[in-house]
Structure formats: C-alpha cells, structure tokens
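Student: quick one: sequence and predicted model below, then my questions.
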Amino acid sequence: MIEGKKVLTGVKPTGKPHLGNYFGAIKPAIEMGKTAKQHIMFIADYHAINAEKRVDVLNKEIKEIACIYLAAGLDPKKSIFYRQSDVPEIFEMTTILTAFTPKGFMNKAHAYKAAVDKNVAAGKPNDDGINMGLYTYPILMAADILSFDTDIVPVGKDQVQHVEIARDIAGAINAYYGKDVLVQPEAAFDDNIAVIPGTDGRKMSKSYGNVIPMFEDDKVLKKAVFSIKTDSKPVEEPKNPEEVLVYEIYKAFAPDDKVQEMAEGLKNGKLGYGHIKNMLLDAILEKTTKEREIYNYYMNHFDEVQAILDEGAVRARAIASRTLKRLKETVFGF
Ligand code: TRP
C-alpha cells in the first residue's frame with residue numbers, strides 16, 4: 001500500500017514515550033517509512049508551544065524525541081528528518097491555506113472541541129485558556145502535510161479527522177482553480193498493531209498512570225513491571241494464561257516458544273507471578289537495551305543529532321519551496 005507513495009508523519013514532543021507508544025506507534029511508523037517512495041518525519045515543535053511554553057521543558061522534550069526516533073531506527077539518509085520550525089515555507093503555506101479554510105472546520109475539530117468540552121464540564125467559559133494556536137492547529141497541520149505533496153499520513157485514530165481537514169482544504173483549492181495544485185492526502189490507520197495493555201490492564205496511557213516506561217533506567221522499568229496487577233493465587237494453583245495480565249503483555253515482547261513456555265508453566269502450576277514478572281522484565285530488557293543505549297549515546301552527543309536535523313531541514317525546504325512556488329503562482333497569477 002505504501003510502495004511508491006510519499007509518506008509523512010509529525011510527532012509532537014510531549015515527554016518520553018512509554019512502551020505502548022514506542023511499539024504501537026513509533027516503530028511501526030519507522031517501519032512503514034522504509035518501503036515508501038519518500039519518507040518524511042518531523043518534530044512538530046510549533047504545535048508543541050500551544051500547550052507548553054516553558055523553555056527548559058520544550059528544549060528537553062524536543063531533544064529527547066529526536067534521539068528516540070534515531071534510536072528506533074529512523075535512517076536519516078533515507079528519511080527526511082527535521083524540526084518544523086526550521087522550515088519557514090510551512091508557515092507561508094499556512095497563511096494561504098487560512099484563506100481557503102471555512103471557520104466551521106475549526107469549530108468542529110476534535111482538539112478544539114475536546115478543550116471546550118473540558119471547560120464546560122469544569123463550569124468555565126467555553127474558550128477559557130484556549131489560544132488561537134490550538135484553535136487553528138488543523139490548518140498548520142494541513143500545511144505540514146500539503147507542503148510536501150504527501151500521499152499518506154500514518155496517524156492514530158484521534159488524528160484522522162485532521163488529515164481529512166487537510167484533504168478538504170486541498171480539495172477546495174483545487175476546485176477553485178480548476179486544477180490539481182495540491183495533492184490530497186489520505187490518513188493511514190493500522191488496525192493490526194497489537195495494543196499493549198498497561199499495568200492495570202487498561203490501554204497503556206500516561207493519563208491512567210499505568211505505563212511501563214521505555215527510556216528510563218532498568219530500576220524504573222523493574223518497578224513498573226512488578227506493579228503489574230495480579231490476583232493472589234499461589235504458585236502451584238493452575239492458572240488460565242489468558243486471564244493473566246503479565247502474560248498478555250509478555251506476548252508482545254517474547255518469541256513464540258517463550259510465550260508457549262510461560263503459558264504451560266501457568267497452566268500446570270509451575271510458574272508463579274514473581275517468576276513470570278522476571279521473565280517479562282528480561283524479555284523487555286532484551287528487546288530494548290540496544291535502543292536505550294543508542295538513545296543515551298545521542299542524548300550525550302546532541303551535536304550529531306543537530307547536524308542530522310539541519311541537513312533534514314535543507315532537504316525539506318527544497319521540497320516545500322517548490323510546492324509553495326507552485327501554489328503562489330496559481331494564487332497570484334505570476
Ligand atoms: N497533530 C499531531 C499529533 O498531535 C502531530 C502532527 C502535527 C502531525 N503535524 C502533523 C501528524 C502532520 C501527521 C502529519 O499527534
């Protein structure tokens with residue numbers, strides 16, 4: 001589906017990802033990029049300032065996310081990797097797009113509506129604390145996408161509507177000028193990716209406080225793994241693996257024969273919860289140690305990352321400036 005297509009994804013720098021984010025979104029996005037005709041991945045730092053203004057926090061989160069993507073296997077020779085704020089063409093594009101975006105699109109965008117709903121629930125005025133950056137952010141996101149003639153945008157469910165807005169804005173422009181000035185993108189949503197449950201069995205999410213961290217040291221990881229919910233059955237009591245949360249999580253990390261071994265051990269009362277938590281911890285460590293090492297290396301050698309991002313911005317600007325030129329010539333007639 002991806003072969004021959006131009007694929008683009010933006011990531012907001014909002015704190016270190018947990019195992020669920022990492023294996024559910026980051027790795028699959030990088031894998032998907034490998035077969036694309038062109039793969040673009042960028043750090044959406046202008047999106048981030050709508051919600052986070054503290055310089056030290058922003059700075060740290062931008063650096064962390066850049067290092068995490070490189071550690072996860074993003075190949076900066078093949079993929080174009082940059083910071084959004086290094087590509088000013090995107091912001092010229094944004095201005096043109098605003099002229100073609102009905103205000104109603106923004107009123108019904110999820111991110112804005114969710115913020116309003118939260119205010120209403122708290123008995124506050126509808127637009128309390130909502131800045132124009134949040135309100136118009138689907139237009140900036142459309143510019144992120146349309147500047148690169150993107151065909152496919154791999155996103156989570158919550159972002160599908162925003163990609164559709166980008167598609168509609170491009171469609172409105174093409175219809176007005178009677179030609180295909182902009183490429184109309186499509187959202188790609190992968191249903192096949194296994195969801196890793198959190199330590200309480202719900203979807204792993206920071207807002208539930210049930211995450212297993214990914215880029216912290218072994219001790220923090222161990223603590224999270226040992227906090228995974230179990231009942232109080234003794235070791236020798238046979239257990240149905242499908243009812244054991246540790247086992248559910250283990251399936252996402254261990255090879256099939258190991259998974260089988262845990263299932264058998266639980267069924268015939270040979271393995272207790274302490275054992276299987278250690279098995280899970282080992283499996284997670286085995287699967288993540290190398291990537292955590294690369295992450296630490298880049299965090300300590302950020303000049304190398306900076307050079308990669310600088311080079312990415314040069315390549316990104318070359319593409320975005322061509323799209324912008326085409327659009328401006330269309331809009332102004334010369
Ligand atoms: N809005 C996306 C998010 O919150 C991040 C993002 C910004 C993005 N621009 C994008 C994603 C362009 C895909 C394409 O996760």
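Tutor: Perfect, thanks for sending it. Numbers count the residues shown, from 1 in each chain.
Student: mind listing the strands for the stretch 1-150 of the chain?
Tutor: Here the stretch 1-150 of the chain has its strands, by DSSP state E, counting those that start in this stretch, at 6-11, 38-43, 80-83.
Student: contacting residues around the nearest residue to residue 5 once chain neighbours are set aside?
Tutor: Once flanking residues are discounted, residue 5 sits nearest to residue 151: 4.2 Å by Cβ to Cβ, 6 or more residues apart in numbering. (C-beta placed from N, C-alpha, C; glycine too.) By Cβ atoms under 8 Å, 6 or more residues apart in numbering, the contact list for residue 151 reads 5, 6, 7, 183, 185, 186.
Student: returning to what we had before: looking at the strands of the stretch 1-150 of the chain, which is nearest to the ligand?
Tutor: The closest of these to the ligand is strand 6-11. By Cβ to the nearest ligand atom, the value is 2.8 Å.
Student: give me the distance from the closest one to the chain's centre.
Tutor: 10 Å (Cα atoms, centre = their mean, to the nearest Å).
Student: average model confidence for that strand?
Tutor: In this model, strand 6-11 carries a mean pLDDT of 95.
Student: then stretch 76-87?
Tutor: Summarised as a single mean, pLDDT over stretch 76-87 is 97.
Student: how about stretch 190-207?
Tutor: 85.
Student: gap between the two ends of that stretch?
Tutor: Its first and final residues considered, stretch 190-207 spans 23 Å by Cα to Cα, to the nearest Å.
Student: that stretch: how far from the chain's middle?
Tutor: On Cα atoms, centre = their mean, the centre of stretch 190-207 falls 14 Å from the chain's centre.
Student: pull out the buried positions in it.
Tutor: 196, 197, 198, 199, 204, 206 (16 or more other Cβ atoms under 10 Å).
Student: and if you look at stretch 60-73?
Tutor: 61, 62, 63, 64, 65, 66, 67, 68, 69, 70, 71, 72.
Student: find the residue closest to the second one in space, skipping its chain neighbours.
Tutor: The one in question is residue 62. Distances taken as Cβ to Cβ, 6+ apart place residue 13 nearest to residue 62, at 4.6 Å, with adjacent residues excluded.
Student: so who does that neighbour touch?
Tutor: 43, 44, 45, 48, 58, 61, 62, 64, 65.
Student: please consider this matter closed, and thank you.
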